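K.L.:
sequence first, predicted model second:
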Amino acid sequence: MRLEDYHPISELVVPEHIVSKPSFPVFDAHSHWGKLLLGDSYPEQYDTKEVVEKFKEIGIKGMVNLDGFSGAELDKMLAKTEESDGFVKTFGNVDITLLERPDFESYVRRTITESKAKGISGLKFWKIIGLEHKDSTGKYIPPNDPRLQCIWQTAAELDLPVLFHIADPVAFFKTIDNRNERWEELGAHPDWAFNAPELYSFETLMQMQYDLIKSNPNTTFIIAHVGSYSENLGAVAKWLDELPNMNIDIAARIGELGRQPYTSKAFLTKYADRVLFGTDCTPTMPTGVFNITYRFLETMDEYFPYDDTPDGAQGRWRIYGVGLDDVTLEKIYYKNAERLIK
């Protein structure tokens, strides 16, 4: 029998608590309503009013859409979500491929100022900085590139939080062999691997992330996916202690947090003021990810799936709930988002 044909069913008998609605209203600070995940045809793929009602039924009070971009693309995105009646808050960005233009700084300031006037609530950047785009010398543009400094300064001046997805799971940066815990996932998505020798290492990206946040103390950063390092909450805790302008979201990392429940509970409780709820969902996805996340945060259930795939799309393990107290839940569910994203 091949590994891909092996789908064991657990015989464990333990209490189960299915959480259909959260204990408090939820603000999802990490979702995608536009072309980043849905492609250019996203306006035809969902009805905004219907989707908003679907989310409200499961306890969501608002969501951040990270696909605003800028210019005409932002106009298109805002037009698509205008019927949400304020439910959707959109983050924009700037085109960093224009980095070497002599007027890049003026372009950045003009674009972000115009985008805020149109209604964006923050800025979003992702791993194309560091792992994809190169400058004219052939070098990958690092997240802490001094030439990008005008972006972070403008965000601070305009009181716009910056959500940054800098790195993927650690295993994506390692050799894909019989010791890689995400071997099956990377086999299904080989383009997700970042272990080529010419790329920045995971460790280098983490140092760049630290330097970026530290050198911009007036800019509010939300580092996606548990600060890029959900596998090492000790490291993330150290950064949060040293960087008061750093915050994190938990989007798409319940699988990691839930397999270290003791560490996760202590971490989420201690840093409750710095953690935002997020799912990385789209309007077209099933809503089961929300119920699993509620269950993880609110119950002490043992050994349950972190997604709706037979074995777990990220790896062959199951998770445990952390049963957070109400004060911590309120902050993570919506209070931190209200404070940072306004």
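P.N.:
Thanks, I have the structure now.
K.L.:
which residue ranges form the strands in the stretch 151-300 of the chain?
P.N.:
Listed in chain order, the strands of the stretch 151-300 of the chain (DSSP state E, counting those that start in this stretch) span residues 162-164, 221-223, 246-249, 275-276.
K.L.:
surely G227 touches I248?
P.N.:
Yes: between G227 and I248 there is a contact under CB atoms under 8 Å: 4.4 Å. Yep, even glycine has a C-beta here, placed from its N, CA and C like the rest.
K.L.:
contacts only, for T111.
P.N.:
Residues in contact with T111 (CB atoms under 8 Å, 6 or more residues apart in numbering) are 70-71, 94.
K.L.:
let's have those in JSON lines, adding neighbour count, secondary structure and pLDDT.
P.N.:
Formatted as JSON lines, the contacts of T111 follow (neighbours: other CB atoms under 10 Å; DSSP: H, G, I helix; E, B strand; the rest coil; pLDDT from 0 to 100):
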{"residue": "S70", "neighbour count": "21", "secondary structure": "coil", "pLDDT": "98"}
{"residue": "G71", "neighbour count": "14", "secondary structure": "helix", "pLDDT": "97"}
{"residue": "V94", "neighbour count": "24", "secondary structure": "coil", "pLDDT": "98"}
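K.L.:
can I get the strands of the stretch 151-300 of the chain in a markdown table including mean neighbour count, distance to K342 and mean pLDDT?
P.N.:
Compiled in a markdown table, the strands of the stretch 151-300 of the chain are given as follows (neighbours: other CB atoms under 10 Å; distance: least, CB to CB, whole Å; pLDDT from 0 to 100):
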| stretch | mean neighbour count | distance to K342 | mean pLDDT |
| --- | --- | --- | --- |
| strand 162-164 | 24 | 14 | 98 |
| strand 221-223 | 26 | 13 | 99 |
| strand 246-249 | 26 | 14 | 99 |
| strand 275-276 | 26 | 13 | 99 |
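K.L.:
including distance to D311, could those go into TSV?
P.N.:
Converted to TSV, the strands of the stretch 151-300 of the chain look like this (distance: least, CB to CB, whole Å):
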stretch	distance to D311
strand 162-164	30
strand 221-223	29
strand 246-249	26
strand 275-276	28
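K.L.:
which residues of the stretch 201-342 of the chain fall in helices?
P.N.:
202-214, 224-227, 233-242, 254-257, 261-270, 288-298, 326-330, 336-341 (DSSP state H, counting those that start in this stretch).
K.L.:
pick the most deeply packed of the ones you listed.
P.N.:
Highest mean neighbour count among the helices of the stretch 201-342 of the chain (mean count of other CB atoms under 10 Å): helix 224-227, with a mean of 27.
K.L.:
contact partners of that helix?
P.N.:
30, 126, 163-166, 168, 209, 233, 236, 239-240, 246, 248-253, 256-257, 278.
K.L.:
now it, how far from the centre of its chain.
P.N.:
6 Å (CA atoms, centre = their mean, to the nearest Å).
K.L.:
and for stretch 260-268, what are the contacting residues?
P.N.:
With contacts defined as CB under 8 Å, 6+ apart, stretch 260-268 is touched by 233-234, 236-237, 257-258, 275, 297, 319-324, 328, 332.
K.L.:
how about a cut-off of 6 Å?
P.N.:
By CB atoms under 6 Å, 6 or more residues apart in numbering, the surrounding residues in contact with stretch 260-268 are 233, 257, 275, 320, 322.
K.L.:
same question, stretch 21-33
P.N.:
59-67, 249, 251, 276-283, 294, 329-330, 333-334, 337.
K.L.:
quick one: buried residues of it?
P.N.:
22, 24-33 (16 or more other CB atoms under 10 Å).
K.L.:
so for G119, which of the helices of the stretch 201-342 of the chain sits nearest?
P.N.:
Judged by CB to CB, the one of those that comes nearest to G119 is helix 336-341, at 12.7 Å.
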